[in-house]
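Visitor: What follows is a predicted protein model with its sequence.
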Amino acid sequence: MIEINDPKDFFELQSSIPRIPFTQSKGWHDYQNFRSAKIRYFVNDPSDVKIALWGKEKKIPVLGKKMFLTEGEALSSNLDETQITSFFKEIKKLNYNAILINSNNEYFVDYEIGIRRAGLVRPLGEFSCPLTLIIKLQNLPKHNRNWKRNVKSAVDSGLVFTEIISPDKKDVECFVSLFNEMAELKKLSYELLFAPLNQLINDPEMRLFVVKQNEVPIAARIIHVNGKFASDVYAANSLEARNNGASYFIMQSIFEELKSEGIEEFDFGRIPPSDHATDNVYVFKKASGGSPIQYNGEWVYFKSKRIEVLFTLYQLFKLKRQRY
């Protein structure tokens with residue numbers, strides 16, 4: 001494993017890997033870096049890049065100890081368990097009290113064997129659902145009746161779908177407003193800010209789609225497109241969008257647009273099936289007809305069991321995070 005000090009050099013090396021999860025993209029990197037996160041960059045071998053990842057250094061809440069977090073990795077398709085073990089053994093040696101990995105690459109057993117042999121384990125509490133839906137865009141699946149009914153309702157309501165090619169300040173402010181309205185309705189624990197979102201939206205691989213009613217945006221979506229693959233990044237819906245099928249209409253329109261461009265696959269993002277209110281997200285995404293798959297998911301290494309237990313309790317009782 002080699003640490004790369006220059007982000008430009010890292011992303012040049014990373015580009016040799018055909019599929020980059022949006023959480024490892026340069027756009028997401030710049031979005032996170034805008035928030036003043038300390039970021040470090042690693043590849044297995046600069047002359048033959050099969051694993052590339054960047055991650056953030058943060059403080060463990062309350063305890064003040066340092067931890068390293070990474071959301072996924074860029075992985076070559078011809079990896080085996082020994083290469084994964086070798087890489088993550090070196091990651092484990094970094095000078096942190098905790099290493100947290102949340103891999104949103106499709107599950108494969110060599111990854112699990114390799115990362116376990118490197119000394120990482122599943123966390124005491126998993127707080128990120130390791131499931132998603134994949135849409136094969138060149139052979140779009142049949143949508144269920146609810147999806148079709150909502151799309152028809154949107155068409156009958158005269159909704160208009162468009163892509164904002166060069167988002168300006170007004171477009172970003174509109175997305176932030178829609179998202180924060182939705183966050184308040186759903187009682188989400190976070191909101192979006194203009195400056196970092198402006199950085200994200202204006203990355204070349206990030207695309208902004210909007211649905212308008214009477215020239216007023218009521219639903220929007222940020223999608224990451226990397227080669228032949230696309231991923232859902234952020235959704236923003238107004239109260240009106242719940243009543244006229246706009247959420248369904250915008251996704252149906254995005255699928256058709258990406259299909260026409262030759263994009264092969266769409267990752268709908270994490271689906272949280274449960275007996276909680278978050279199950280509504282699963283119901284909506286399931287209606288698309290996509291195929292469920294599992295990610296490699298969460299893996300951790302803690303130097304101290306005490307720190308691991310306290311950190312888990314902090315997430316459970318202070319942050320009140322939902323377990324999966």
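Guide: Yep, that arrived. These numbers were taken from a predicted model, which means no experiment stands behind them.

Visitor: Distance of the residue of the chain most remote from its centre relative to Asn150?
Guide: In the chain, the residue that sits farthest from the middle, by Cα atoms, centre = their mean, is Asp156; the gap is 32.5 Å. Distance of Asp156 to Asn150, computed by Cβ to Cβ, to the nearest Å: 11 Å. No exception for glycine: its C-beta is placed from N, CA and C like everyone else's.

Visitor: what's the answer for Leu313, then?
Guide: The span separating Leu313 from Asn150 equals 41 Å under the rule Cβ to Cβ.

Visitor: between these two, who's got more neighbours?
Guide: For Leu313 and Asn150, the more surrounded residue by other Cβ atoms under 10 Å is Asn150, and the numbers stand at 21 against 13.

Visitor: okay but the more buried one is in contact with Tyr248, surely?
Guide: Yes: taking contact to mean Cβ atoms under 8 Å, the distance of 3.8 Å between Asn150 and Tyr248 places them in contact.

Visitor: After the helix or strand harbouring Ile101, which helix or strand is next?
Guide: The secondary structure element spanning Ile101 is strand 98-106 (assigned by DSSP states H and E). Moving toward the C-terminus from strand 98-106, the next helix or strand (DSSP H and E) is helix 109-117.

Visitor: For that following helix, buried residues please.
Guide: Residues of helix 109-117 classed as buried under the neighbour-count rule (16 or more other Cβ atoms under 10 Å) are 111-112, 114-116.

Visitor: Can you spell out which helices and strands pack onto it?
Guide: In this structure, helix 109-117 makes packing contacts with helix 81-92, strand 98-106, strand 291-302, judged by 3 or more Cβ pairs under 8 Å, 6 or more residues apart in numbering; DSSP states H and E.

Visitor: Extract the C-alpha trace of it and format it as CSV.
Guide: Only the C-alpha atoms of helix 109-117 are listed here, as CSV (Å, rounded to 0.1, in the frame of the first residue of the first chain):
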residue,chain,number,x,y,z
VAL,A,109,-17.0,-13.1,-0.9
ASP,A,110,-13.3,-12.6,-1.6
TYR,A,111,-13.7,-9.1,-0.2
GLU,A,112,-15.2,-10.4,3.1
ILE,A,113,-12.6,-13.2,3.4
GLY,A,114,-9.8,-10.8,2.6
ILE,A,115,-10.8,-8.0,5.0
ARG,A,116,-11.5,-10.5,7.8
ARG,A,117,-8.0,-11.9,7.4
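
Visitor: Contacts for it next, please.
Guide: In this structure, residues lying in contact with helix 109-117 by Cβ atoms under 8 Å, 6 or more residues apart in numbering are 75, 79-85, 88, 101, 103, 105, 296, 299.

Visitor: Narrow the residues you listed to those that are buried.
Guide: Buried subset of those (neighbour count, 16+ other Cβ under 10 Å): 75, 79, 81, 83-85, 88, 101, 103, 105, 296, 299.
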